[in-house]
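S.K.: sharing a model prediction with you, sequence too.
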Amino acid sequence: MLRVGVIGMGPIGNLHASIYQEAAQAELAGVCDINTERAEAAGRRFGVPWFPDAPTMLERVRPDICSITTGGYEYSSDHYEPAIQALEAGAHILCEKPICNDIAKAEEMVRVAKERERSFGLDFNHRFTPAAYTAKKWLDEGRLGTILFVNMALWIGKPQDPESPYFHIKALNPHSIDIIRHFCGDITSVHCLAMKAPGRSIWSTASFNFRLASGAVGHLTSSYDIGRGHPMERCEVAGVDGRFVIEDMWRQATLYPASDLVKQVYTNPVFGGYRGFDDTFRARILKFVDQVAAGTAPGEIDGSGADGLAAQKVLAAAIESIETGLPVEVG
Ligand SMILES: NC(=O)c1ccc[n+]([C@@H]2O[C@H](COP(=O)([O-])OP(=O)(O)OC[C@H]3O[C@@H](n4cnc5c(N)ncnc54)[C@H](O)[C@@H]3O)[C@@H](O)[C@H]2O)c1
């Protein structure tokens, strides 16, 4: 049984902890938060020891796996310190997105995990759905042929302006960049145009164009200005032999073969299907537990720290593009 510790007991840390309690191959062994009220409340809720900081939890609990569910500036500045502490204590880590708002620190997180031969997963939960697995299978079977383009859209109403002008780009879009990379490979350059919607102080709506390493091209429209309740995410990938569209992560995936007017559709089933967004976390977390339990090589982890770093580098290039008005090579 893998022993699990969760670091950072906000809403997302509580969700991770509740999912580990369902895992067949893992047991929640401790939680911590520098906000002791949150730590204690979570400890009581889950019936596990709670601690006021990560080093104490790591020493007393000796977890095999740690979820890093801290937040901070740009929803990610607090990930670095406990991630390094957990890796140095010998734990595999599953870190919330974004990996880190600072690229140099994100690079170090990936480097330390590699040096210590620990698995490093990122919570790229949007790719862990039956609809996304179905689409990936179509791709791997060659049903699309050579990829031509990807069209991605991600929007979610977030009316309050966070502190950072780039919060929307850096904190929301790791998901959309990861989906594009997951299906279509590395992104080599980006041109991003953005606007501040009326009354806003942050770049709240953006339009990105991409060049991919394969030679294919891509686009992403992203916004914090569209109300919740609308469809939130759409991913369309087209090749010379066919095209697929995934609607809202888990709701539907449709394959449009180029040579056949009959399409193929996966629809989330009423019985046994996903009931909501939390199910994407469940699938992602349980996959990480399965991969660690199976002894999967750290370099083979689905949705890895290295993927998180790659996504953040694309977003850094997008921000440079907003500032300069020019296309930017991804560093
Ligand atoms: N994958 C997704 O779809 C998704 C959705 C929402 C949020 N998130 C991510 O989840 C993370 C957490 O979100 P939240 O809303 O729960 O944040 P939050 O700010 O409410 O909670 C974070 C907690 O971490 C604690 N913390 C900070 N540094 C710590 C440290 N060194 N040791 C122990 N505790 C520490 C804070 O005191 C706080 O209680 C963010 O990175 C966010 O981007 C992911």
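M.R.: All right, it came through fine. Because the structure is a prediction, the values reported are computed rather than measured.

S.K.: which parts of the stretch 1-150 of the chain sit against the ligand?
M.R.: Taking Cβ under 6 Å from any ligand atom, the part of the stretch 1-150 of the chain that reaches the ligand is made up of 7-13, 32-35, 38, 53-54, 69-71, 75-76, 78, 81-82, 96-97, 123, 125. From N, CA and C alone the C-beta is placed, and that goes for glycine too.

S.K.: among those, name the buried ones.
M.R.: For those, a burial check counting by 16 or more other Cβ atoms under 10 Å picks out 7-9, 12-13, 32-34, 38, 54, 69-71, 75-76, 78, 81-82, 96-97, 123, 125.

S.K.: correct me, but residue 70 touches residue 78?
M.R.: Yes. Counting by Cβ atoms under 8 Å, residue 78 is a contact partner of residue 70 at 3.7 Å.

S.K.: which residues do the two both contact?
M.R.: residue 8 (Cβ atoms under 8 Å, 6 or more residues apart in numbering).

S.K.: okay, and which of the buried ones among the residues of the stretch 1-150 of the chain next to the ligand map to helices?
M.R.: 12-13, 38, 54, 81-82 (DSSP state H).

S.K.: what is the nearest of those to residue 320?
M.R.: residue 81 (26.6 Å; Cβ to Cβ).

S.K.: now that closest one: closest residue in space, sequence neighbours ignored.
M.R.: Excluding its sequence neighbours, the residue lying closest to residue 81 (Cβ to Cβ, 6 or more residues apart in numbering) is residue 54, at 7.7 Å.

S.K.: from residue 145, how far out is the one you found?
M.R.: 48 Å (Cβ to Cβ, to the nearest Å).

S.K.: also residue 300?
M.R.: 26 Å.

S.K.: same drill for these two, tell me which one is more crowded.
M.R.: Set side by side, residue 300 and residue 145 show more neighbours around residue 145, with 13 against 10, by other Cβ atoms under 10 Å.

S.K.: and that one, what does it touch?
M.R.: 239-242, 258.

S.K.: hmm, which of the residues you listed are the buried ones?
M.R.: 239, 242.

S.K.: looking at the contacts of residue 145, which is nearest the ligand?
M.R.: Taking Cβ to the nearest ligand atom as the measure, the ligand lies nearest residue 239 of these, at 28.2 Å.

S.K.: excluding chain neighbours, give the residue nearest to the closest one in space.
M.R.: residue 144 (3.2 Å).

S.K.: from residue 125, how far off is the closest residue to residue 331 other than its chain neighbours?
M.R.: Taking Cβ to Cβ, 6+ apart, and ignoring the residues beside it in sequence, residue 331 has residue 313 as its nearest neighbour in space, at 5.5 Å. For residue 313, the distance to residue 125 equals 21 Å [Cβ to Cβ].

S.K.: what of residue 184?
M.R.: 19 Å.

S.K.: could you do residue 299 as well?
M.R.: In terms of Cβ to Cβ, residue 299 sits 21 Å off from residue 125.

S.K.: might one say that residue 33 is in contact with residue 56?
M.R.: No. Look at residue 33 against residue 56 with Cβ under 8 Å: they stay out of range, at 11.6 Å.

S.K.: please identify the helix or strand for the residue lying closest to residue 329 once chain neighbours are set aside.
M.R.: Of all residues not flanking residue 329 in the chain, residue 189 sits nearest, at 5.0 Å (Cβ to Cβ, 6+ apart). Per DSSP states H and E: residue 189 is located in strand 187-195.

S.K.: swap in residue 18?
M.R.: Counting by DSSP H and E, residue 18 is part of helix 11-20.

S.K.: how distant is that helix from the center of its chain?
M.R.: With Cα atoms, centre = their mean, to the nearest Å as the basis, helix 11-20 stands 15 Å off its chain's centre.

S.K.: contacts made by that helix with the rest, please.
M.R.: 4, 6-7, 9, 26-28, 31, 33, 42, 45-46, 48, 67, 69-71, 94, 96, 278, 281-282, 285-286, 289.
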